[in-house]
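Engineer: With the input below, show me the fold.
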Amino acid sequence: MASMSPLLRRTRKNPAERTVTLIGKPDCHLCEDAEAVIKKVCGELGTPWEKKDITQDAELYRAYWEQIPVILVDGAQHDFWRVDPKRLRTALGG
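Structural biologist: Sure, this is the predicted structure:
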């Protein structure tokens, strides 16, 4: 693998070096379900996570209002509406 081009070599980040963002809104049952999955998976892997409210951010509202909850991993969209714990764990390298 040492002779492989750095562009082709995959580097795996430690789950603790990743960041999960949950974009949702208050009183949203799907957002609450997603938060429960994120808390569990991130808690097990030591991955930091944050929650953002689209009702408090016009840019997020414009981008995601039809998809909430939206889950980002390191700023890139990972999922929306429902979170699959196995798929999230895999995306985080766990």
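Engineer: Can you list the low-confidence ranges for the protein?
Structural biologist: Where the chain drops to pLDDT under 70, the residues are 1-12.
Engineer: now the strands for it?
Structural biologist: 20-24, 49-53, 70-73, 76-80 (DSSP state E).
Engineer: which residues sit against stretch 24-38?
Structural biologist: Taking contacts as CB atoms under 8 Å, 6 or more residues apart in numbering, the residues outside stretch 24-38 that touch it are 20, 22, 49, 51-55, 68-71, 81-83, 85, 88. All C-beta atoms are positioned from the backbone trio N, CA, C, and that covers glycine.
Engineer: give me that answer again for 10 Å
Structural biologist: For stretch 24-38, contacts defined as CB atoms under 10 Å, 6 or more residues apart in numbering pick out 20-23, 47, 49-56, 60-61, 64-65, 68-71, 79-85, 88-89.
Engineer: Also stretch 77-91?
Structural biologist: Residues outside stretch 77-91 that contact it (CB under 10 Å, 6+ apart): 15, 18, 20-23, 30-31, 33-38, 40-42, 44-45, 47, 63-64, 66-74, 76, 92, 94.
Engineer: quick one: buried residues of the lengthiest helix in the chain?
Structural biologist: In the chain, assigned by DSSP state H, the helix with the most residues is helix 29-45. Of all the residues in helix 29-45, those buried under the rule 16 or more other CB atoms under 10 Å are 31, 34-35, 37-38, 41-42, 45.
Engineer: Could you check how far that helix is from the centre of its chain?
Structural biologist: Computed by CA atoms, centre = their mean, to the nearest Å, the separation of helix 29-45 from the middle of its chain amounts to 10 Å.
Engineer: Next: stretch 53-71.
Structural biologist: The answer for stretch 53-71 is 14 Å, by CA atoms, centre = their mean.
Engineer: which of the contacts of stretch 24-38 are buried?
Structural biologist: Among these, the ones that count as buried by 16+ other CB under 10 Å are 20-23, 47, 49, 53-54, 60, 64, 68-71, 79-80, 83, 88-89.
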